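S.K.: just the structure for this:
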Amino acid sequence: MEKHITAPLVEEEIKDLKAGDYVYITGTVYTARDAAHKRMWEALEKNEELPLAMENNVIYYMGPSPAREGRPIGSAGPTTASRMDKYAPKLLDLGLKGMIGKGKRAQAVLDAVVRNNAVYFAAVGGAGALLSKAIVASEVIAYDDLGTEAIRKLTVENFPVIVVADRFGNNLYETAVEAYRTKE
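M.R.: Predicted coordinates:
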């Protein structure tokens, strides 16, 4: 099923999303990769404020290439989500509602998705140049010293993703494999 949603996410818009749904996101999405997640984790351990509120937001695991002239961002493909698995459950418990990456997630992350009525989306790996066309604005908001791993605020229009893990405990990586196995 194809759906259009707005970020920050609203419970009413995402409550019926199911693994396998094609979704187009419009609105504000933040980027953060390994180094930014580590720094946010360290801030939480020191009881410091995070550089962005987690509540209802979406984090895209992506570090862009430099922007070409006239473009807000360069190639913007997803990175492997499992590298953020150590940090994701805590951020979900703080109100994060969506994550975009590629690849499987740890059981602790999947449990946190269910516990927090959140969603894990996948963006197509290797399609960074195409995905960047859905990004209309980009600005660094924190950790500028991290270069491509700085936290960015993106404005996206019809950013294409697929629901991988939903709040019902469904996981597309498992159900798709099982469906494939049962075909003759």
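
S.K.: excluding sequence neighbours, find me the nearest residue to Pro66.
M.R.: Gly74 (4.9 Å; CB to CB, 6 or more residues apart in numbering). For the C-beta atoms, the positions are set from N, CA and C on the backbone; glycine is no exception.

S.K.: where's that neighbour, which helix or strand?
M.R.: Using DSSP states H and E, Gly74 is not contained in any helix or strand.

S.K.: report the contact partners of it.
M.R.: Neighbouring residues of Gly74 by CB atoms under 8 Å, 6 or more residues apart in numbering: 64-68, 132.

S.K.: quick one: it from Val58, how far?
M.R.: Applying CB to CB, to the nearest Å, the value for Gly74 to Val58 is 20 Å.

S.K.: just the helices from this structure, written as ranges.
M.R.: 11-14, 34-45, 88-93, 107-115, 128-132, 172-182 (DSSP state H).

S.K.: kindly calculate the angle that the biggest strand by length in the chain makes with helix 34-45.
M.R.: Looking across the chain with DSSP state E, the single longest strand is strand 151-165. Relative orientation of strand 151-165 and helix 34-45, computed by axes from the mean of the first three to the mean of the last three CA atoms, to 10 degrees: 100 degrees.

S.K.: now do the buried residues in strand 151-165.
M.R.: 151-156, 159-161, 163-165 (16 or more other CB atoms under 10 Å).

S.K.: quick one: distance of that strand to the chain centre.
M.R.: Here strand 151-165 is found 7 Å from its chain centre; the criterion is CA atoms, centre = their mean, to the nearest Å.

S.K.: same question, stretch 158-172
M.R.: Relative to the centre of its chain, stretch 158-172 is centred 10 Å away, using CA atoms, centre = their mean.

S.K.: same question for stretch 126-136.
M.R.: 14 Å.

S.K.: so in the protein, where's the weakest helix or strand by average pLDDT?
M.R.: The helix or strand of the chain with the poorest confidence is helix 172-182; it has a mean of 69 (mean pLDDT, DSSP states H and E).

S.K.: coming back round to it: and the two most separated of the buried residues of strand 151-165?
M.R.: The largest separation in the buried residues of strand 151-165, counting by CB to CB, is between Thr155 and Ala165 at 25.3 Å.
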